[in-house]
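Asks: fold the stuff below for me.
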Amino acid sequence: MPVALCTTSHSPLVGLHDPEPLIRAEVETALGRARAFTAEFAPDLVVVFAPDHYNGFLYDLMPPFCIGAAATSVGDYGLPAGPLEVDRDAAHAIADGVLEAGIDIAVSEDMQVDHGLVQPLTFLFPALNTVPIVPVFINCVAYPLGPAVRARLLGAAVGKVLGGLGRRVLVVGSGGLSHDPPVPRLSEAPPEIVERITHGRNLSREQRAQHQTRTIAAAREFVQGRGTFRALNPEWDALVLRSLAAGDFAAVDSQPNDWFVEQGGHSAHEVRTWLAAYAALAAQGPYDVLSTYYRAIPEWFAGFATTTALPK
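Replies: Coordinates of the predicted model:
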C-alpha cells in the first residue's frame with residue numbers, strides 16, 4: 001500500500017509574530033497545497049517524526065529516539081491541548097521492526113508532545129485527531145547528539161515496517177531548516193534554567209505565558225539584527241532541500257554535528273526529522289518531490305519550507 005510524504009518547518013511564532021501579510025498569505029497558499037495533497041492521498045495513518053523543546057523530553061532522561069504508543073499535547077503557544085489519537089498497535093509494530101533492524105529506540109506509553117509535533121497536524125488536517133498517528137521523537141536540541149546518519153537509519157527502518165502494514169501512511173517530518181531560536185543549552189544555562197530543562201515538565205499556564213513572551217521578544221530582537229542568534233542561511237537550506245529531493249542523503253547526514261550549527265544554527269539539527277521522513281519514503285523505492293516551498297522568515301526564526309513527495 002502507498003506511503004506519501006509531507007515535510008514542513010514549524011514555528012511557535014506562527015500567529016503570534018507574523019511576517020508582513022503578503023508573506024503570511026504566501027505561506028498559507030503553500031500549506032493549502034500541502035493540505036490538498038494530504039486530502040487527496042487520504043491517509044489512514046500518519047507517522048510524525050518530530051523534535052521536542054524540553055516539554056516532553058528533559059535531561060532527567062533524554063533518549064535519542066522514542067516512539068509513542070500514547071501521547072498528549074501539552075498545548076504550548078496556544079495550540080490544542082489534550083490526548084492524541086495514537087494507533088497503539090501500529091506504534092508497537094513499528095517499534096518491533098525498528099529494534100529488529102538494530103536501531104535502539106525507546107517506547108513511551110505516556111508521551112508528552114509540544115508544538116514541534118502538533119503544529120504540522122494543524123497545518124495538514126481540519127482537526128487534531130482527524131487521522132490516527134504514531135509520534136516518533138527525535139532528539140534535535142539536547143547534547144550530546146549522535147551523528148545525523150542515525151536519524152536516516154531510523155527512518156529507513158520505520159519505512160520498511162510501513163511498507164508491510166497494508167495501510168495508506170503519510171510520513172511527516174517537522175522541523176528546521178536553518179534555525180537558531182532561544183532554546184536553552186545545558187552547558188551555558190544558569191542554574192534555574194538547568195533545573196527547568198531537567199525536571200520542568202507540566203508547566204503552569206503562567207509559566208507558559210512567560211516563556212511565550214520571552215520568545216516573542218527574542219524574535220523581535222532577531223528581526224532587528226540584535227542579539228547573538230545565528231542568521232538564517234538560505235544557501236544551506238537550498239542545499240538540504242536539493243539533496244533530499246535527489247535522494248543524496250550523505251550530502252547532509254555524513255557531516256559532523258558542528259557543521260549543522262555553523263551553517264544553520266543550533267536548531268538546524270531539526271533537519272534530522274526530514275532525513276528520517278525522506279528515508280522512510282525511500283524505503284519504498286525511488287520517489288518524486290511534487291512540491292517545494294521555501295522562504296527565509298526571520299519573524300518565525302526559521303528558514304521555512306514545506307515539501308510533498310510520492311514514490312515513483
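
Asks: so where's the stretch 151-300 of the chain shaky on pLDDT?
Replies: Residue ranges of the stretch 151-300 of the chain with pLDDT under 70: none are present.

Asks: in stretch 147-161, which residues are buried?
Replies: Residues of stretch 147-161 classed as buried by neighbour count (16 or more other C-beta atoms under 10 Å): 148-161. C-beta here means a position set from N, CA and C on the backbone, and glycine is covered the same way.

Asks: I'd like the residues you listed written out as JSON lines, with secondary structure and distance to residue 180 added.
Replies: Formatted as JSON lines, the buried residues of stretch 147-161 follow (DSSP: H, G, I helix; E, B strand; the rest coil; distance: C-beta to C-beta, whole Å):
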{"residue": "148", "secondary structure": "coil", "distance to residue 180": "17"}
{"residue": "149", "secondary structure": "helix", "distance to residue 180": "23"}
{"residue": "150", "secondary structure": "helix", "distance to residue 180": "22"}
{"residue": "151", "secondary structure": "helix", "distance to residue 180": "19"}
{"residue": "152", "secondary structure": "helix", "distance to residue 180": "23"}
{"residue": "153", "secondary structure": "helix", "distance to residue 180": "26"}
{"residue": "154", "secondary structure": "helix", "distance to residue 180": "24"}
{"residue": "155", "secondary structure": "helix", "distance to residue 180": "24"}
{"residue": "156", "secondary structure": "helix", "distance to residue 180": "29"}
{"residue": "157", "secondary structure": "helix", "distance to residue 180": "30"}
{"residue": "158", "secondary structure": "helix", "distance to residue 180": "28"}
{"residue": "159", "secondary structure": "helix", "distance to residue 180": "30"}
{"residue": "160", "secondary structure": "helix", "distance to residue 180": "34"}
{"residue": "161", "secondary structure": "helix", "distance to residue 180": "34"}
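
Asks: nearest to residue 136 among those?
Replies: residue 158 (6.7 Å; C-beta to C-beta).

Asks: ok, now which ones touch the residue lying closest to the closest one once chain neighbours are set aside?
Replies: Nearest residue to residue 158, sequence neighbours excluded (C-beta to C-beta, 6 or more residues apart in numbering): residue 280, at 4.9 Å. Residues in contact with residue 280, defined by C-beta atoms under 8 Å, 6 or more residues apart in numbering, are 3, 5, 47, 49, 155-156, 158-159, 162, 171.

Asks: redo that, cut-off 6 Å
Replies: Counting by C-beta atoms under 6 Å, 6 or more residues apart in numbering, residue 280 touches 155, 158-159, 171.

Asks: same check on residue 284?
Replies: By C-beta under 6 Å, 6+ apart, the contact set of residue 284 is 3, 163, 311.

Asks: neighbours of the second one, how many?
Replies: Here the neighbour count serves as a burial measure; for residue 163 (other C-beta atoms under 10 Å) it reads 18.

Asks: quick one, helices of the stretch 1-150 of the chain?
Replies: Applying DSSP state H, counting those that start in this stretch to the stretch 1-150 of the chain gives helices spanning 21-41, 88-100, 115-124, 149-162.

Asks: so which bits of the shortest one are buried?
Replies: So that's helix 115-124. The neighbour-count check on helix 115-124 (16+ other C-beta under 10 Å) flags 115-124 as buried.

Asks: what is that helix packed up against?
Replies: Counting contacts by 3 or more C-beta pairs under 6 Å, 6 or more residues apart in numbering; DSSP states H and E, helix 115-124 packs against helix 21-41, strand 45-50, strand 169-174.

Asks: using a markdown table, lay out these together with mean neighbour count and distance to residue 275.
Replies: Shown next, in a markdown table, are those (neighbours: other C-beta atoms under 10 Å; distance: least, C-beta to C-beta, whole Å):
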| stretch | mean neighbour count | distance to residue 275 |
| --- | --- | --- |
| helix 21-41 | 15 | 19 |
| strand 45-50 | 28 | 9 |
| strand 169-174 | 29 | 8 |
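
Asks: for residue 80, which of those is the nearest?
Replies: Distance to residue 80, taken as C-beta to C-beta, is lowest for strand 45-50 among the helices and strands packed on helix 115-124, at 14.6 Å.

Asks: what lines up beside that closest one in the sheet?
Replies: With DSSP bridges as the test, strand 45-50 is paired with strand 133-138 (parallel), strand 169-174 (parallel).

Asks: so for it, mean pLDDT?
Replies: Averaged across strand 45-50, the pLDDT comes to 98.

Asks: now residue 236, nearest residue through space, not along the chain?
Replies: residue 263 (4.2 Å).
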